[in-house]
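S.K.: okay, here's the prediction I keep looking at, along with the sequence it came from:
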Amino acid sequence: MKQAKSGDMVKVHYTGKLDNGTIFDSSEKREPLQFKIGEEKVIPGFEKAVIGMSIEESKTIKLMPEESYGPHRKELIVIVPKKNIPGDINLQIGQQLQIKQENGHPLIVIVIEITEDNVTLDANHPLAGKDLTFEIKLVEINE
């Protein structure tokens, strides 16, 4: 029976859950996720879990932050003066903003606190620092 290996293009259906059972992402009502094993286009623990699976095989894995989006890093939380935020933006807690880094690349941040003078922005991935459980079903392998 054919098993997924590094270099294979695979398609998987998956459901990702937090420890409290909340589903944070799923491919069930859309096309399966397609990626090439070894290109590091998906989180490391997810890719590692698919290696060795056969078509139609399913498994459930639990990933620690080190195998997924990394730890929640305090240095990625910054406080900026509210006057530095364009006036046409109606700031709200939980809102995502795109800012330009010094190197010109865009960065997605989340507004986590708003005071009279400042805005606190978090550049951590929303799933950083969380244990994640994935139900994975391999549906296709192409060498």
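M.R.: The structure has been received and is ready for your questions. Everything quoted here is computed from the prediction, not taken from an experiment. Numbers count the residues shown, from 1 in each chain.
S.K.: ramachandran coordinates for the nearest residue to V50 once chain neighbours are set aside?
M.R.: Sequence neighbours aside, A4 is the residue nearest to V50 in space, at 5.3 Å (criterion: CB to CB, 6 or more residues apart in numbering). (C-beta placed from N, C-alpha, C; glycine too.) Here is the backbone geometry of A4 (degrees, to the nearest 10): phi -70, psi 140.
S.K.: same question for V42.
M.R.: phi -120, psi 170.
S.K.: quick check: it touching S27?
M.R.: No: contact criterion CB atoms under 8 Å: V42 and S27 do not qualify, at 11.8 Å.
S.K.: which neighbours do these two share?
M.R.: Shared contacts of V42 and S27 (CB atoms under 8 Å, 6 or more residues apart in numbering): L33.
S.K.: adjacent strands (with direction) for the helix or strand of the chain with the lowest mean pLDDT?
M.R.: In the chain, no helix or strand scores lower on mean pLDDT, DSSP states H and E than strand 96-100, which sits at a mean of 90. Within its sheet, and counting by DSSP bridges, strand 96-100 is paired with strand 106-114 (antiparallel).
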